[in-house]
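[1] 3D model of this:
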Amino acid sequence: MAVSYCPRSEIIYNKDFHKASFPFEQSYYIEAPTPKDMPLYITDTKQLEEFVAFARTCDVVAIDTEFLRERCYWAKLCLIQLGTDERSVVVDPQGARPLSLRDLMIDTSVVKVFHAATQDLDILFHELDVMPDPIFDTQVAAALLGQTVQVGYGTLVLNECGVRLKKADSFTDWARRPLSSSQINYALEDVVCLPRIYRQLTERSKRSDARAGSSTTSRSSSILRGIGSIRKTAGGT
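    Numbers count the residues shown, from 1 in each chain. Next up is the predicted model:
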């Protein structure tokens, strides 16, 4: 598939990792059924509740946050990004009530996937007074499967999905409104790849466990222990 333009990302190799159209200004991926009339940028509580209801029918949801630490005693939540295999959205907590996410966060039938989860868990616990459960940290998992310790999100996306991310809006002020389409696209990219990466890493872990046999500690168990330590650091149990 020829790709001539993309606002932020250079498509290196198309693995069709997102079932729905990739949420940029142009679409390069095969369309799949998605919730009708669901916006990419959620600005009110009703829209968020509709997405939460949809996300709870999925087995995986990717989560990221944007926040402001300068000029405030506690980190100020500015955006919440959520992504499933079929749909990714950006939630504006200035319009949509974050507490609507509580049921999704504690729904144990849905795995919550993060990359470098500690700060995200910290601010989500502060805002929602619940700890997401269960969680999977792609940075921890990638390290246990042989990649660089504390591998960056951009590097992991390139390694796993063949997409090179550009950092045009990495130093943006997320508290300012209105957000530009470039900022929204940037924020969406922080979750759109994570469900595919989660599936690839878990599959690789299972294959590694099968080769290792029962005589050694499994990588899956190591990943769960590593993620458990993240929960304790962020204030979970």
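[2] so in this protein, where's the weakest helix or strand by average pLDDT?
    The least trusted helix or strand in the chain, going by mean pLDDT, DSSP states H and E, turns out to be strand 10-11, with a mean of 34.
[3] got the contact list for the following helix or strand past it?
    As assigned by DSSP states H and E, the chain's next helix or strand after strand 10-11 is strand 41-42. The contact list for strand 41-42 (C-beta atoms under 8 Å, 6 or more residues apart in numbering) reads L48, F51, V89, V90, V91, D92, G95, A96, L179, I184. No exception for glycine: its C-beta is placed from N, CA and C like everyone else's.
[4] in stretch 79-99, what counts as buried?
    Neighbour counts over stretch 79-99 (16 or more other C-beta atoms under 10 Å) mark 79-93, 96, 98 as buried.
[5] just stretch 116-126 next, same as before
    A116, A117, D120, L121, D122, I123, L124, F125.
[6] what residue ranges in this protein are flagged as low confidence?
    Along the chain, segments meeting pLDDT under 70 span 1-38, 70, 72, 167-171, 212-237.
[7] which residues in it form strands?
    Counting by DSSP state E, the chain has strands at residues 10-11, 41-42, 60-68, 76-83, 88-91, 111-114, 135-137, 163-164.
[8] give me the sheet partners of the last one and which way each runs.
    Applying DSSP bridges to the sheet, strand 163-164 is found paired with strand 10-11 (antiparallel).
[9] now do the fourth one
    Strand pairing for strand 76-83, determined by DSSP bridges: strand 60-68 (antiparallel), strand 88-91 (antiparallel).
[10] mind listing what's buried in the biggest helix by length in the chain?
    Looking across the chain with DSSP state H, the single longest helix is helix 194-212. Applying a neighbour-count criterion of 16+ other C-beta under 10 Å, one finds 194-202, 204-205, 208-209 buried in helix 194-212.
[11] my read is that L201 contacts V140, right?
    No: the pair L201 / V140 is not scored as a contact, 9.7 Å apart, by C-beta atoms under 8 Å.
[12] and A142, how far is that from A53?
    Relative to A53, A142 is positioned 31 Å away (C-beta to C-beta, to the nearest Å).
[13] more crowded one of those two?
    More crowded of A142 and A53, by other C-beta atoms under 10 Å: A142, with 24 against 13.
[14] what sits closest to that one if chain neighbours are left out?
    Excluding the flanking residues, the one nearest A142 by C-beta to C-beta, 6 or more residues apart in numbering is V151, at 5.1 Å.
[15] what do you get for L156?
    Leaving aside its chain neighbours, L156 sits nearest to A142 (5.7 Å; criterion: C-beta to C-beta, 6+ apart).
[16] in contact with that neighbour, which residues?
    T148, V151, L156, L201.
[17] and it, how far from K166?
    21 Å.
[18] could you do D120 as well?
    Going from D120 to K166 by C-beta to C-beta gives 22 Å.
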